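Asker: Any chance you could fold what I've pasted below:
(chains A, B, C and D)
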Number of protein chains: 4
Amino acid sequence: MAERYVHTLRVRYRECDQQGVVFNGHYFSWFDDVFTEGLREAGLPYKEIIDAGVDMVVAEATARYRSGARFDDEVDLHWWVTRLGNTGMTTRIDVMRGDDLLVEGELRYVFVDAGTTNKRPMPDDIRAKLEPYVASDG
Amino acid sequence: MAERYVHTLRVRYRECDQQGVVFNGHYFSWFDDVFTEGLREAGLPYKEIIDAGVDMVVAEATARYRSGARFDDEVDLHWWVTRLGNTGMTTRIDVMRGDDLLVEGELRYVFVDAGTTNKRPMPDDIRAKLEPYVASDG
Amino acid sequence: MAERYVHTLRVRYRECDQQGVVFNGHYFSWFDDVFTEGLREAGLPYKEIIDAGVDMVVAEATARYRSGARFDDEVDLHWWVTRLGNTGMTTRIDVMRGDDLLVEGELRYVFVDAGTTNKRPMPDDIRAKLEPYVASDG
Amino acid sequence: MAERYVHTLRVRYRECDQQGVVFNGHYFSWFDDVFTEGLREAGLPYKEIIDAGVDMVVAEATARYRSGARFDDEVDLHWWVTRLGNTGMTTRIDVMRGDDLLVEGELRYVFVDAGTTNKRPMPDDIRAKLEPYVASDG
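Answerer: Predicted coordinates for the structure are as follows:
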């Protein structure tokens, strides 16, 4: 049974637009926040990854919007890994308000040498720490 | 031969992160800006659409990142429509730096009654004004 | 002895620019977040204020930067009220990293009728709930 | 007669909050954008300043809000210098909608050695290029 990291946040006033819901682009900011915190929980603080000479760049990002989060809503972002490849990985984020799935996010990352755009294999220790979070996408 | 709306902008300092490139989520802000301006060029100022009781909500948004835009780069966002459906439409945005394609964006919108999330058919006058921008996705 | 509301957050990757510190404008986003949460702690959820027909608009905002917060820093935002006037109030926010004062914020608000820009007196119940947070600015 | 650099922009949908006006913190993003463009017009592209080993950090930022800019408004940001000191300078930005002054910004910068927080004198060539933009604050 795969683990999921759950990050809870409350929707900020400044994140909502005149439609009364979170602006569609802001979910990608949340996805980045949950990525950092998910890695931390997996024992992989992002700064330590960088210091070890490795970095990850986003190759593809998708959000599917079913319903909009509103100001002051408390939402849970469920984060897990759907694919651990050789030089890349894919993650999923479900944005939930209680039992309602509001938005599904999917991000594909490529491993590079830090400070460059040169692709490189995922280091074994990173792979080992992410494996508990691997599950299918849904 | 379909028309494309081209929106040019210069990358702002605040949009770049410590990787030295535009933060992945900010492209979705640009996509929203070019949507507003593309509609205006098509003769459909967003405020007039709203005033007519119609609105569009984003149902799905994707970006495929090939290369990162950097501070002070001048980039051209090419915007066009890839599908005009009954209650929805899909648009594409190519973010170019000169001849280099940096990022491909794809956004799917659903038409709703303004101020609600009730799906509705795309009004004929909106369809007529968007038709010149329809082309395949690439 | 006045109360202070303390809001703790961890600096997000996307908030830091190429100087390696939080972009100066983002502190004002934090100030707005701590305002909402400070009001909530004072027994004044912002949505209830609005529903009661009252709103607050920012008339002046200042930040004095002594040192920059960096990615992954855990910072505490200390929020209190320095002035409760007839139609307005002023708040202070000290952004602390441990014992270091990084940034001082000051925001002046004006009370208006919700949905308008018409100035109005601060309601008595709001005043009563904010009084415990009143202290001088230093 | 001092010169002013004027930067025109159209308010983006995503910059407006549920009060129907630009979120107060976003004006500081605009101030940063106009700073970069004002320097460019003065013959001081920011990248060249950095490459010469010099940088500027914001020491204090203030905005006084008289009226809110709204979605689709075309606004002019008038930028000039109010003080050229030894190691710092102060700038002003008036955000105008036609003849209406909406927001007044004031930013104080300190010159540092690039990549550090070590204060340093303003280089003479930078001073010379900024002098045409010096005027009192009002």
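Asker: tell me the centre residue of chain A?
Answerer: The centre of chain A sits closest to A:Phe35, judged by Cα atoms, centre = their mean, with a distance of 3.7 Å.
Asker: ok, that one to chain B distance?
Answerer: According to Cβ to the nearest Cβ, to the nearest Å, A:Phe35 stands 10 Å off from chain B. All C-beta atoms are positioned from the backbone trio N, CA, C, and that covers glycine.
Asker: OK, contacts around that residue?
Answerer: A:79, A:91, A:107 (Cβ atoms under 8 Å, 6 or more residues apart in numbering or on different chains).
Asker: Could you tell me which residues of chain A lie near chain C?
Answerer: A:12-14, A:29, A:32-33, A:36, A:45-47, A:71-72 (Cβ under 8 Å from any Cβ of the partner chain).
Asker: give me that answer again for 6 Å
Answerer: Within chain A, the positions adjacent to chain C are A:12-14, A:29, A:32-33, A:36, A:47, A:72 by Cβ under 6 Å from any Cβ of the partner chain.
Asker: what residue ranges in chain A score low on pLDDT?
Answerer: A:1, A:137-138 (pLDDT under 70).
Asker: hang on, the earlier thing: would you point out the most distant pair within the residues of chain A next to chain C?
Answerer: A:Lys47 and A:Asp72 (31.9 Å; Cβ to Cβ).
Asker: just to revisit the earlier point, so which strand or helix has the residue nearest to the centre of chain A?
Answerer: Assigned by DSSP states H and E, A:Phe35 belongs to helix A:26-41.
Asker: could you check the angle helix A:26-41 makes with the longest strand belonging to chain A?
Answerer: Looking across chain A with DSSP state E, the single longest strand is strand A:100-113. Interaxial angle, strand A:100-113 versus helix A:26-41 (axes from the mean of the first three to the mean of the last three Cα atoms, to 10 degrees): 60 degrees.
Asker: Return the set of buried residues in strand A:100-113.
Answerer: Using 16 or more other Cβ atoms under 10 Å in any protein chain shown as the test for burial, strand A:100-113 gives A:102-112.
Asker: How about stretch A:40-48?
Answerer: So stretch A:40-48, judged by 16+ other Cβ under 10 Å, has buried residues A:40, A:42, A:44, A:46.
Asker: For it, which outside residues touch it?
Answerer: A:5, A:36, A:39, A:129-130, C:72 (Cβ atoms under 6 Å, 6 or more residues apart in numbering or on different chains).
Asker: Would you map the strands across chain A?
Answerer: Under DSSP E, chain A gives strands at A:5-10, A:54-65, A:74-84, A:88-97, A:100-113.
Asker: Determine which of those approaches chain B most closely.
Answerer: The closest of the strands of chain A to chain B is strand A:54-65. By Cβ to the nearest Cβ, the value is 4.3 Å.
Asker: Buried residues in the closest one, which are they?
Answerer: In strand A:54-65, counting by 16+ other Cβ under 10 Å, buried: A:54-63, A:65.
Asker: Save the residues you listed as JSON lines, and put in distance to D:Arg83 too.
Answerer: Output for the buried residues of strand A:54-65, formatted as JSON lines (distance: Cβ to Cβ, whole Å):
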{"residue": "A:Val54", "distance to D:Arg83": "46"}
{"residue": "A:Asp55", "distance to D:Arg83": "41"}
{"residue": "A:Met56", "distance to D:Arg83": "44"}
{"residue": "A:Val57", "distance to D:Arg83": "42"}
{"residue": "A:Val58", "distance to D:Arg83": "42"}
{"residue": "A:Ala59", "distance to D:Arg83": "47"}
{"residue": "A:Glu60", "distance to D:Arg83": "48"}
{"residue": "A:Ala61", "distance to D:Arg83": "44"}
{"residue": "A:Thr62", "distance to D:Arg83": "49"}
{"residue": "A:Ala63", "distance to D:Arg83": "46"}
{"residue": "A:Tyr65", "distance to D:Arg83": "48"}
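Asker: give me every residue that touches A:Gln18.
Answerer: Contacts of A:Gln18 by Cβ under 6 Å, 6+ apart are D:Cys16.
Asker: Pairing partners for A:Arg92 in the sheet, please.
Answerer: A:Trp80, A:Glu106 (DSSP bridges).
Asker: if I read this right, it contacts A:Arg83, doesn't it?
Answerer: No. In this structure, A:Arg92 is not within contact of A:Arg83 by Cβ atoms under 6 Å, at 9.6 Å.
Asker: Between these two, point out the one with more neighbours.
Answerer: Taking other Cβ atoms under 10 Å in any protein chain shown, A:Arg92 and A:Arg83 do not tie; A:Arg92 has more neighbours (21 against 13).
Asker: Neighbours of the residue nearest to A:Val21 when sequence neighbours are not counted, how many?
Answerer: The shortest distance from A:Val21 to any non-neighbouring residue, by Cβ to Cβ, 6 or more residues apart in numbering or on different chains, is to A:Gly68 (2.8 Å). When neighbours are defined as other Cβ under 10 Å, A:Gly68 has 22 of them.
Asker: got it, and A:Trp79?
Answerer: 24.
Asker: cool, and A:Lys119?
Answerer: When neighbours are counted by other Cβ under 10 Å, A:Lys119 registers 14.
Asker: Give me every residue in chain A lying close to chain D.
Answerer: So chain A meets chain D at A:14, A:16, A:18, A:23 (Cβ under 6 Å from any Cβ).
Asker: same thing but 10 Å
Answerer: Proximity of chain A to chain D is confined to A:12-21, A:23-26, A:70-71 under the rule Cβ under 10 Å from any Cβ of the partner chain.
Asker: Among the residues you listed, name the ones in helices.
Answerer: If you go by DSSP state H, the residues of chain A next to chain D have A:His26 in helices.
Asker: of all the residues of chain A next to chain D, which comes closest to C:Met96?
Answerer: After measuring the residues of chain A next to chain D against C:Met96 - Cβ to Cβ - the closest member comes out as A:Arg12, at 20.6 Å.
Asker: from memory that closest one sits against A:Asp72, does it?
Answerer: Yes. Contact criterion Cβ atoms under 10 Å: A:Arg12 and A:Asp72 qualify, at 8.8 Å.
Asker: Who has more neighbours out of the two?
Answerer: Neighbour count, other Cβ under 10 Å: between A:Arg12 and A:Asp72, A:Arg12 has more, with 18 against 15.
Asker: Relative to A:Ile50, how far out is the more buried one?
Answerer: 28 Å (Cβ to Cβ, to the nearest Å).
Asker: How about A:Cys16?
Answerer: Counting by Cβ to Cβ - A:Cys16 and A:Ile50 are separated by 33 Å.
Asker: which of these two has more neighbours?
Answerer: A:Cys16 (23 against 16).
Asker: Across the sheet, point out what pairs with that one.
Answerer: Beta-bridge partners of A:Cys16, as defined by DSSP bridges: A:Val22.
Asker: Let me know the distance separating it from B:Ala63.
Answerer: Relative to B:Ala63, and taking Cβ to Cβ, A:Cys16 is found at 22 Å.
Asker: what's the answer for A:Arg97, then?
Answerer: 25 Å.
Asker: just A:Ala52 next, same as before
Answerer: The value you get for A:Ala52 to B:Ala63, if Cβ to Cβ is used, is 28 Å.
Asker: Also A:His26?
Answerer: 14 Å.
Asker: and what of A:Ala2?
Answerer: 27 Å.
Asker: Same question for A:Asp94.
Answerer: For A:Asp94 relative to B:Ala63 (Cβ to Cβ), the value is 19 Å.
Asker: ditto for A:Val57
Answerer: 12 Å.
Asker: so what sits against both of those two?
Answerer: B:Asn24 (Cβ atoms under 10 Å, 6 or more residues apart in numbering or on different chains).
Asker: which residues does A:Thr62 bridge with?
Answerer: A:Glu106, B:Thr62.
Asker: What residues does the closest residue to A:Asp76 other than its chain neighbours make contact with?
Answerer: Using Cβ to Cβ, 6+ apart and skipping the chain neighbours, the partner closest in space to A:Asp76 is A:Met96 (4.7 Å). By Cβ under 10 Å, 6+ apart, A:Met96 lies in contact with A:6, A:8, A:69, A:75-78, A:102-103.
Asker: Alright, calling it a day.
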